[in-house]
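S.K.: The sequence and its predicted three-dimensional model are supplied below.
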Amino acid sequence: LNYWEEKNVQHDRPLPIFGNMLPNLLGKISNAELIQQLYNKYSSGRYFGLYNLGSTSLVIRDPELIKKIAVKEFETFPEHKPFIPSDVDPLWSNNLFAMEGGEKWHQLRSTLSPSFTSSKMKAMFVLMKECTKEFINYFESKGDSVDVELKGAFARFGIDVIATTAFGVTCNSLSDPKNEFYVLGKELMNFKGLRRIILMLNLLCPPIARITRVSFFPEKIKKFFGSLVKETLQLRRERKVVRPDMIHLLMEYQKGNLAQEEDAHSTPEAGFAVVEESVFGKTKQKLKFEVTDDIITSQVMIFFLAGLDTVSTMMSYTIYELALNPDSQNRLRAEIEDALRFSDGKLTYDNLMGMKYLDMVISESMRKWPPFVLIDRRSVRPYTIEPEGPTETPVFLEKHSQVIYPIFAIHRDPKYYPNPDKFDPERFNDENRSSIQPYTYLPFGAGPRNCIGSRFALQEGKLIIAEIVRNFDIVRVKKTQVPIVMSKTNFNPVPDEGIWVGFRRRKEGSILEK
Ligand code: HEM
């Protein structure tokens with residue numbers, strides 16, 4: 001309880017066991033807002049200390065220091081704090097996100113990286129487009145006017161996209177919500193109740209996890225997704241099926257056929273928010289381990305976990321903000337209709353990626369509502385933060401210390417984004433985007449360990465948002481919550497009641513592509 005006191009780091013006095021987290025545990029404030037309150041309270045410093053239940057974390061406020069830890073000191077801070085010890089659930093700990101930093105992560109990142117280049121994303125466009133068609137058809141079939149809970153609708157859409165692009169399976173979870181993929185996928189994403197308690201206990205006390213051996217993925221889910229991937233792999237080997245999806249790309253690695261593409265990661269077309277691949281991902285590493293079918297399964301599972309809730313949160317808030325800001329909505333619609341006039345009414349990869357205002361809208365939506373409200377790093381050796389200014393003293397961090405980048409709080413800091421609660425896509429126009437201070441815009445993280453799927457997410461998000469805007473007027477309805485009250489129990493920054501808007505069918509919009 002004296003940890004931060006002894007290190008001369010500003011902090012709120014902790015309670016035994018609960019540390020500073022009791023208001024969140026009692027359901028009084030969301031996780032994002034609790035960290036934001038502390039961030040604002042300690043505005044004079046570059047960092048503050050947090051007592052995070054049984055452990056301690058240093059929350060970094062200063063963008064320069066974030067850059068230093070994320071990039072320059074990456075090899076000291078190369079990993080996340082594990083949810084469970086690595087030997088308890090290999091299916092979880094062998095995925096790219098959970099993997100400890102070091103040689104194996106480096107090899108895997110550089111191996112997976114070529115799957116997420118612009119050309120691979122472009123090839124998947126057609127698969128994503130089929131899912132958007134199903135989405136639009138489903139809501140059109142509901143009549144001229146329908147109230148929509150966006151988080152649920154986009155979760156179904158997102159599951160269909162992951163099913164087809166990562167697992168090679170087609171499903172339509174909106175019109176067939178009983179399909180096994182959707183039902184089990186939803187269960188996989190459910191971190192409430194007993195599963196939340198078990199994971200919290202594991203996080204707080206790794207020896208408990210070793211004794212109980214409760215894995216991250218429930219057995220039923222492991223079995224279903226594990227055999228689904230294995231059967232798909234077998235079928236494709238036997239029948240030599242080629243489909244532009246992740247399974248196919250991962251099979252190509254197994255055979256050693258996939259190479260790094262020159263400059264493939266520097267194409268700016270996916271959008272402002274896209275994160276650059278670092279030299280770690282770009283340099284081909286000789287694999288010192290075999291890409292087994294189990295390793296492939298681990299990766300598609302993490303694509304599912306990392307790419308589902310995040311993407312549906314991004315889409316939900318973008319559509320929500322468009323309902324509340326009709327001027328932005330009209331301007332976006334005009335941009336979409338203009339682009340379609342030159343392509344026979346067809347939404348293509350190229351005209352979608354060329355839509356500047358759409359990119360500004362999505363960038364601003366992820367500024368105001370970042371799907372990951374914070375991210376962490378863990379050190380693998382001791383490190384000292386050297387003092388700057390008269391009030392600081394050196395801060396010695398032992399091996400396995402955790403630092404946190406408070407993304408939500410930084411994105412809502414008026415110092416970087418004046419009037420931060422206002423939805424204003426102009427912050428990201430050509431003129432203004434260049435004055436955004438580096439490391440104050442972090443929806444996809446920072447440094448070599450940033451999000452590998454940012455292109456995938458932006459492509460999927462832009463596609464469905466453009467289709468909705470061209471086909472429907474998005475309006476505020478009775479159930480639309482203003483302002484948003486974020487859940488106090490869910491780690492995701494969304495309201496417990498969901499995010500509601502109305503879709504009003506636009507007759508003139510939908511004639512463009514049928
Ligand atoms: C809007 C959607 C998304 C958001 C906001 C998001 C955000 C993030 C963030 C903040 C991180 C941690 C970065 C860091 O620690 O610096 C991350 C990591 C990761 N994301 Fe995403 N993500 C999104 C979509 C996706 C998708 C669609 C995929 C895959 C298909 C994906 C796969 C991953 C993986 C595998 C990692 C771990 C990378 C590593 O540790 O090397 N994400 N993401």
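M.R.: Okay, I see it.
S.K.: tell me the phi and psi of Lys72?
M.R.: Phi and psi for Lys72, reported as degrees, to the nearest 10, are phi -70, psi -40.
S.K.: ok, it to Glu386 distance?
M.R.: Distance, Lys72 to Glu386, using Cβ to Cβ, to the nearest Å: 13 Å. For glycine as for every other residue, the C-beta is placed from the backbone atoms N, C-alpha and C.
S.K.: and if you look at Val88?
M.R.: Separation of Val88 from Glu386 (Cβ to Cβ): 37 Å.
S.K.: who's more crowded, those two?
M.R.: More crowded of Val88 and Glu386, by other Cβ atoms under 10 Å: Val88, with 20 against 9.
S.K.: check which helix or strand covers that one.
M.R.: Assigned by DSSP states H and E, Val88 belongs to no helix or strand.
S.K.: My guess is it contacts Ala98. True?
M.R.: No: assessed by Cβ atoms under 8 Å, Val88 is found out of contact with Ala98, at 11.2 Å.
S.K.: What residues does the stretch 301-450 of the chain have near the ligand?
M.R.: 302-303, 306-307, 310-311, 314, 371-372, 375, 443-446, 449-450 (Cβ under 6 Å from any ligand atom).
S.K.: Now with 5 Å, please.
M.R.: 302-303, 306-307, 310-311, 314, 371-372, 375, 443-445, 449-450 (Cβ under 5 Å from any ligand atom).
S.K.: any idea which of those residues is closest to Asn8?
M.R.: Using Cβ to Cβ, Ile375 comes nearest to Asn8 of these, at 25.5 Å.
S.K.: need the longest helix for this protein.
M.R.: Taking DSSP state H as the criterion, the chain has its longest helix at helix 118-140.
S.K.: what comes into contact with that helix?
M.R.: The contact list for helix 118-140 (Cβ atoms under 8 Å, 6 or more residues apart in numbering) reads 114, 146, 148, 153, 157, 160-161, 164-165, 170, 172, 174-175, 244-245, 249, 261, 264, 267, 269-270, 347, 349, 455-456, 459-460, 463-464, 467-468, 471-472, 503, 505, 510.
S.K.: what does the average pLDDT come to for that helix?
M.R.: Averaging pLDDT along helix 118-140 yields 92.
S.K.: Equivalent analysis for stretch 59-74, please.
M.R.: pLDDT averaged over stretch 59-74 gives 98.
S.K.: That stretch close to the ligand?
M.R.: No: judged by Cβ under 5 Å from any ligand atom, stretch 59-74 and the ligand are separated, with a smallest distance of 6.7 Å.
S.K.: how about that stretch: buried residues?
M.R.: Val59, Ile60, Arg61, Pro63, Leu65, Ile66, Lys67, Lys68, Ile69, Ala70, Glu73, Phe74 (16 or more other Cβ atoms under 10 Å).
S.K.: And the residue of the stretch 51-200 of the chain that's closest to the ligand?
M.R.: Phe97 (3.7 Å; Cβ to the nearest ligand atom).
S.K.: how near is that residue to Thr310?
M.R.: Using Cβ to Cβ, Phe97 is found at 12 Å from Thr310.
S.K.: who has more neighbours, these two?
M.R.: Remark: of Phe97 and Thr310, Thr310 carries more neighbours, 22 against 19, as counted by other Cβ under 10 Å.
S.K.: so the more buried one is in which element?
M.R.: helix 309-324.
S.K.: From the contact counts, what lies against that helix?
M.R.: helix 150-162, helix 326-341, helix 356-368, helix 454-471, strand 472-475, strand 500-505 (3 or more Cβ pairs under 8 Å, 6 or more residues apart in numbering; DSSP states H and E).
S.K.: Mean pLDDT and mean neighbour count for the ones you listed - can I get that in a markdown table?
M.R.: Output for the helices and strands packed on helix 309-324, formatted as a markdown table (pLDDT from 0 to 100; neighbours: other Cβ atoms under 10 Å):
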| stretch | mean pLDDT | mean neighbour count |
| --- | --- | --- |
| helix 150-162 | 94 | 25 |
| helix 326-341 | 96 | 16 |
| helix 356-368 | 98 | 24 |
| helix 454-471 | 96 | 24 |
| strand 472-475 | 98 | 22 |
| strand 500-505 | 97 | 19 |
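S.K.: Those into a markdown table, with extra columns for distance to Phe491?
M.R.: Formatted as a markdown table, the helices and strands packed on helix 309-324 follow (distance: least, Cβ to Cβ, whole Å):
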| stretch | distance to Phe491 |
| --- | --- |
| helix 150-162 | 14 |
| helix 326-341 | 29 |
| helix 356-368 | 17 |
| helix 454-471 | 18 |
| strand 472-475 | 27 |
| strand 500-505 | 21 |
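S.K.: Lys282 is nearest to which of these?
M.R.: In terms of Cβ to Cβ, the element of the helices and strands packed on helix 309-324 nearest to Lys282 is helix 454-471, at 14.3 Å.
S.K.: From Asp430, how far out is Val311?
M.R.: 26 Å.
S.K.: Looking only at neighbour counts, state which of those two leads.
M.R.: For Val311 and Asp430, the more surrounded residue by other Cβ under 10 Å is Val311, and the numbers stand at 24 against 9.
S.K.: looking at it, that one is touching Ala457, isn't it?
M.R.: Yes: Val311 is within contact range of Ala457, at 5.2 Å (criterion: Cβ under 8 Å).
S.K.: Quick check: closest non-adjacent residue to Phe396.
M.R.: Thr384 (5.1 Å; Cβ to Cβ, 6 or more residues apart in numbering).
S.K.: pLDDT weak spots in the stretch 201-350 of the chain?
M.R.: Flagging of the stretch 201-350 of the chain using pLDDT under 70 yields the residue ranges 201-210, 212-214, 257-269, 284-288.
S.K.: residue in it nearest to the ligand?
M.R.: Nearest residue of the stretch 201-350 of the chain to the ligand: Gly307, at 2.7 Å (Cβ to the nearest ligand atom).
S.K.: pLDDT score assigned to the residue nearest to that residue when sequence neighbours are not counted?
M.R.: Closest residue to Gly307 apart from its sequence neighbours, by Cβ to Cβ, 6+ apart: Gly453 at 5.2 Å. Per-residue confidence (pLDDT) for Gly453: 93.
S.K.: Would you check how far apart Gly453 and Glu180 are?
M.R.: For Gly453 relative to Glu180 (Cβ to Cβ), the value is 24 Å.
S.K.: more crowded one of these two?
M.R.: Remark: of Gly453 and Glu180, Gly453 carries more neighbours, 23 against 11, as counted by other Cβ under 10 Å.
S.K.: which residues touch the more buried one?
M.R.: By Cβ under 8 Å, 6+ apart, the contact set of Gly453 is Phe116, Phe303, Ala306, Gly307.
S.K.: For it, give its distance to Gly158.
M.R.: Distance, Gly453 to Gly158, using Cβ to Cβ: 12 Å.
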